[in-house]
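>>> here is my input, please return the structure:
(2 chains)
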Amino acid sequence: MASCKYDWPAPSERQLIGKRIKRIDGPVKSSGQAKYTFDINRPGMLFGKVLRCPYAHAKITALDVTPAKNAPGVKAVRVIQDVGSEIQWQGDEIVVLAAETEEAAEDAMRMIKVEYEPMPFFVMDEDIKAAGAHAKPPQVKKVGDPDQAFQEAGLVVSEGYYGLPVITHCCLESHGNVVEWTDPQSFTVWASTQGVSAVGGQMGEVLGVSPNNIHAICQYIGGGFGSKFQVDRWGIEGARLAKDTGKPVKMMLERDADLLVAGARPSFWGRVKVGAKPDGTITAWDSETWGTGGISGAGTPPVPYPLDQLPNYKRTHTAVATNIGSSRAWRAPNDPQACLLTMAAFDDLAAALKMDPLELLAKNADLAPNPILARTYKEELQKAAELTDWHQRWHPRGDKTEGHIKRGLGVSIHTWGGAPHNGKCNVTIQPDGSVEVALGSQDLGTGTRTVINIVVAETLGLPIEGVKVSIGDSRLPPDGPSGGSTTVGGVSGSTRRGSVNARDQLFQAVAPTLGSQPDQLEAVGGQVRVKGDPSKSLSWKQACAKLGVKPIVAQGEQGPNSECKSLNSGGVGGCQIADVSVDTETGIVRINSMLAVQDCGLVIDPKTAESQVLGALIMGVCYSLYEEKIMDAQTGRMLNPNMEFYKLAGIGDVGDLKAYFMGGEFYEQRGVIGLGEPPVVSPGAAISNAVANAIGVRVPTLPITPQKVLAALEKGMG
Amino acid sequence: MSRRKDKSRKKESPVAPLTRRDFLKGAGVAVSGTILAGHAAVAAAAPETAVVGPGATSVTLQVNGQRRELNLEPRVTLLDALRNDLDLTGAKRVCDRGVCGTCTVLMDGKPVYACSVLAIEAQGHKITTIEGLMHNGQPHPVMTAFVNNDAQQCGFCTPGFVVACAAFLHKHPNPTEAEVEKGLGGNLCRCGTYIGVRAAALEAAKAMRQ
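Numbers count the residues shown, from 1 in each chain, chains lettered A, B, ... in the order given. This is a model prediction of the structure:
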């Protein structure tokens, strides 16, 4: 591979990259000083509230906001959807208002008189036969000749039904913003957003304000997971209320609204038929699936997954339109769904073949999209087996030990892209030696700030404290939104380039003093010195003093066509193993442990990267065992728009979790690759397979509730 | 009446580990105390009985060692008073109904869900928020342990966890991992930081014993 001046330092030269560095914004977060959007209080600020439709489908027949307008403390009322509007889901916005206190706003909301004509609705999507006209035309993809392949003599065929329901994002900080107009054509917006550089464009277009006059700030965000890319109607209306009243307005969603309308992951249900030769070579696949992401349906999860080079397969997917809040990208869109259906089907196939499922995956790893991933899966499966003692501990389906606690192991593999997004940064070196890196990125809690800090400090030979990281502000050089695991590659690409460029300018300035050429200098350990002659050196401060009065401001850019392929790339593989115990009397599933073996290229900060993986496993436990947006067939309403019944795992529910990163040249030569999504893909399949291994029968759908476990056991006995 | 109840509550044995149920019970007592006080006032119908509301009324809170005078409607929760009126935003509003623990503050040293305590009910009690756990600008050992063990991602649940953990360790200076899981079972995290929290609690326990 041709070398590039932005290449990462050789492993032996790295001072910070690859070391377990503490999150730099840890202290402000753990002490409660970090100000999130929900925490912004401005002088004279009003509170915005939204009146929402209680029906899944209805027409507004009467609306009178006059009493609310005249209510004490109310400063502005805006009708969003008036008489005659057809509402397509519970929770859709009808009226917004702003008042001096939250209590006054709530009182005023209750004074609004609105009448609806309820209309027929459809909210239950698991039974495709009931969908009728709500089912869109099926999308079919066919490769090879699956019908013929299933006819092959001696083929072992497994058929099953699997699925997972709609779940929500349930970010702890709800969606919303605070808007303060500074003049009739300009405003500041504190937004809970995954893309601070994109807020101005989105709001400006709708509000008729130049994005140059919109100052967006997001220093801290209380969770996004894919649901916070858009400003949303409530965000726009908050800005309008602020303009109407001439006062700052805080518009943050209540918890019920957040669970109703601010994000959902599409469901995915279906019947899968899969066939393999007696030696385990998988040759044929046929799936009929469906799912919903709300009124607009949902995309097609890419089954078979991630071993998609099956010679013969057919997939038929039907998007179902339902009267529920629309879907949003949920951490690794489509992949957890595709992974569950494929990996559960393969696991059942392994049982039919009387084969170890881990061996089945290893045997078929060459069905991966490319040879790099095939090798990755083989190595990861081997590593995961070794770390979990799989070959000693795995047993064929059904734990035969006495008693009602049955234990089992399950395995799954997954992939994700995670290539870098585009973005720019400025790196400034001041004559006094202070350094700032600035870019309009955002840290979702993934450790973005910390990674940027490490990259720049490493490049300039400075300690972590020697670099100030400025992000979360639209006035900084624009960076891409944080989605699809694109951020770490994007910001490490732009800031490596920016800091190399700044460093080279500094070398130019100090080379004469050191009696050397710029390309003969290095910045290491707080010094600028001549390579191979440490006696010729300047301290960082001395070197920067040579700049006189003019700071260096260097730009770095991560563009679509990288000249430096070793800096960052995309395409990772991962393997996970779950170890569960199931109480066959109560149906309760307990996670004993989970292991994630993950490849993500070069890891900048193993400490925060590990947190990403462990957090993904925990989100995986949540959607495998607890989470479901439960809809009521009778009323069309969500039954659990609250956190008592929209259940998340607690600290005692997750067992022992471990993350292992694949290292070495084969993996690291691809540079930095995103990590947010991949480890959240496999847990559903790994846990479902472990439960099947423990109790001897498949619990077909997530979440694996006690009721479903007991039903599966009963069916298994019959 | 509610005062008497509070006093008896203070006498509760500190031996039992603080469980999620305990936590809910604590919050529940505070709320039902309010309801009972209201009934008593109506039943007695004594004109001099201090019936407050429904309009705004003067409320005095002792927060982080400071006396704070506020004018609040009786229905305002302690959490909203802290966040909206005192700009103490470390305690977060997430579920707003006593489930997630992100609003945890200390009331006379005991953790409560501030979303489930009325501000008027908190009068006469010493309230400590996450901001009050800092000592002379220095972080509380639990905060340090959370940073060391990366027990936070987005950080929105973190202040609640830190306050709950500080209170838990005060009562259980030498906990087992299982006790930590029970003691912090009243706080939820969405990013999935529990492994770090578990390690942080054990590290902080050690640091606080020294």
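
>>> thought residue A:680 was touching residue A:336?
Yes - checked against CB atoms under 8 Å, the pair residue A:680 and residue A:336 is within contact range at 6.5 Å. In this view, the C-beta of every residue, glycine as well, is placed from N, C-alpha and C.

>>> which neighbours do those two have in common?
Shared contacts of residue A:680 and residue A:336 (CB atoms under 8 Å, 6 or more residues apart in numbering or on different chains): residue A:620.

>>> now the stretch 201-350 of chain A against chain B: closest residue?
Residue nearest to chain B within the stretch 201-350 of chain A: residue A:222 (3.2 Å; CB to the nearest CB).

>>> now do the contacts for that residue.
A:36, A:38, A:171, A:172, A:173, A:192, B:92, B:154, B:155, B:156.

>>> so how far is residue A:556 from the last one?
In this case it means residue B:156. Per CB to CB, to the nearest Å, residue B:156 is found 31 Å from residue A:556.

>>> quick one: low-confidence parts of the chain?
All of this refers to chain A. A:1-2, A:718 (pLDDT under 70).

>>> should've been chain B
For chain B (pLDDT under 70), the answer is B:1-49.

>>> just the strands in it please.
Using DSSP state E, the strands of chain B run over B:57-63, B:66-72, B:104-107, B:110-113, B:126-128.

>>> if you rank the contacts of residue A:222 by neighbours, which is first?
Neighbour counts for those peak at residue B:155, which has 31 neighbours (criterion: other CB atoms under 10 Å in any protein chain shown).

>>> so that residue makes contact with residue A:33?
No - with contact defined as CB under 8 Å, residue B:155 does not count as touching residue A:33 (10.3 Å).

>>> can you put the strands of chain B in CSV and add mean neighbour count and distance to residue A:708?
Shown next, in CSV, are the strands of chain B (neighbours: other CB atoms under 10 Å in any protein chain shown; distance: least, CB to CB, whole Å):
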stretch, mean neighbour count, distance to residue A:708
strand B:57-63, 18, 47
strand B:66-72, 14, 47
strand B:104-107, 27, 33
strand B:110-113, 26, 31
strand B:126-128, 21, 44
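
>>> can you say which of these is nearest to chain A?
strand B:66-72 (9.0 Å).

>>> and that closest one, how far out from the chain middle?
18 Å (CA atoms, centre = their mean, to the nearest Å).

>>> would you list the strands of chain B in a markdown table and tack on distance to residue A:610?
Output for the strands of chain B, formatted as a markdown table (distance: least, CB to CB, whole Å):
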| stretch | distance to residue A:610 |
| --- | --- |
| strand B:57-63 | 37 |
| strand B:66-72 | 40 |
| strand B:104-107 | 26 |
| strand B:110-113 | 29 |
| strand B:126-128 | 32 |
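
>>> who wins for proximity to residue A:390 among the ones you listed?
Closest to residue A:390 of the strands of chain B, according to CB to CB: strand B:104-107, at 40.5 Å.

>>> quick one, phi/psi of the residue in chain B that chain A sits nearest to?
At 2.4 Å from chain A, residue B:90 is the closest residue in chain B, using CB to the nearest CB. Reported as degrees, to the nearest 10, the phi and psi values for residue B:90 are phi -60, psi -40.

>>> isn't it right next to residue A:32, touching?
Yes - in this structure, residue B:90 is within contact of residue A:32 by CB under 8 Å, at 2.4 Å.

>>> which of these two has more residues huddled nearby?
Set residue B:90 next to residue A:32 and count neighbours by other CB under 10 Å: residue B:90 wins out with 29 against 26.

>>> tell me the domain ranges of chain B?
B:18-130, B:141-209 (automatic domain parsing).

>>> what about the last one, near chain A?
Spelled out, it's domain B:141-209. Yes - part of domain B:141-209 sits near chain A under the criterion CB under 8 Å from any CB of the partner chain, namely B:142-144, B:146-148, B:150-159, B:162, B:180-182, B:184-185, B:187-198.

>>> again, but for stretch B:75-83
Yes - counting by CB under 8 Å from any CB, chain A has neighbours in stretch B:75-83: B:75, B:76, B:80, B:83.

>>> which strand residues bridge residue A:409?
Going by DSSP bridges, residue A:409 is paired in beta bridges with residue A:579.

>>> pull the number of nearby residues for it.
26.

>>> quick check: it touching residue A:391?
No - using CB under 8 Å, residue A:409 makes no contact with residue A:391, being 10.6 Å away.

>>> could you find the closest non-adjacent residue to residue 67?
Let's take chain A. Nearest residue to residue A:67, sequence neighbours excluded (CB to CB, 6 or more residues apart in numbering or on different chains): residue A:111, at 3.9 Å.

>>> not what I meant, chain B
residue B:60 (6.4 Å).

>>> who does that neighbour bridge with?
The partner residues for residue B:60, given DSSP bridges, come to residue B:69.

>>> what about it, distance to residue B:121?
Taking CB to CB, one finds residue B:60 at 12 Å from residue B:121.

>>> cool, residue B:88 as well?
17 Å.

>>> cool, and residue A:648?
28 Å.

>>> same check, this time on residue A:279
Applying CB to CB, the value for residue A:279 to residue B:121 is 71 Å.

>>> pick out whichever of these two has more residues nearby.
residue B:121 (22 against 9).

>>> what's the nearest residue to residue 196 if we skip its chain neighbours?
If you meant another chain, say so; for now it's chain A. residue A:218 (4.5 Å).

>>> I was after chain B.
residue B:151 (3.4 Å).

>>> tell me the contacts of that neighbour?
By CB under 8 Å, 6+ apart, the residues touching residue B:151 are A:30, B:145, B:158, B:161, B:193, B:196, B:197, B:199, B:200.

>>> thinking again about what came up before, ok, and the most crowded of the residues of stretch B:75-83 next to chain A?
residue B:83 (24 neighbours).

>>> next, residue A:164: phi, psi?
Dihedral angles (degrees, to the nearest 10) for residue A:164: phi -150, psi 140.

>>> next up, the contacts around it.
Per CB under 8 Å, 6+ apart, neighbours of residue A:164: A:267, A:268, A:269, A:336, A:337, A:340, A:623, A:684, A:701, A:702, A:703.

>>> and residue B:53, what does it touch?
B:73, B:74, B:75.

>>> and what of residue A:101?
A:47, A:73, B:73, B:84.

>>> what sits against the second one?
If you count contacts by CB under 8 Å, 6+ apart, residue A:73 has them with A:99, A:100, A:101, A:104, A:105, A:108.

>>> circling back to that earlier point, need the contacts of residue A:222 in a markdown table (columns: distance to residue A:67).
Shown next, in a markdown table, are those (distance: CB to CB, whole Å):
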| residue | distance to residue A:67 |
| --- | --- |
| A:36 | 34 |
| A:38 | 29 |
| A:171 | 33 |
| A:172 | 34 |
| A:173 | 32 |
| A:192 | 31 |
| B:92 | 33 |
| B:154 | 39 |
| B:155 | 41 |
| B:156 | 36 |
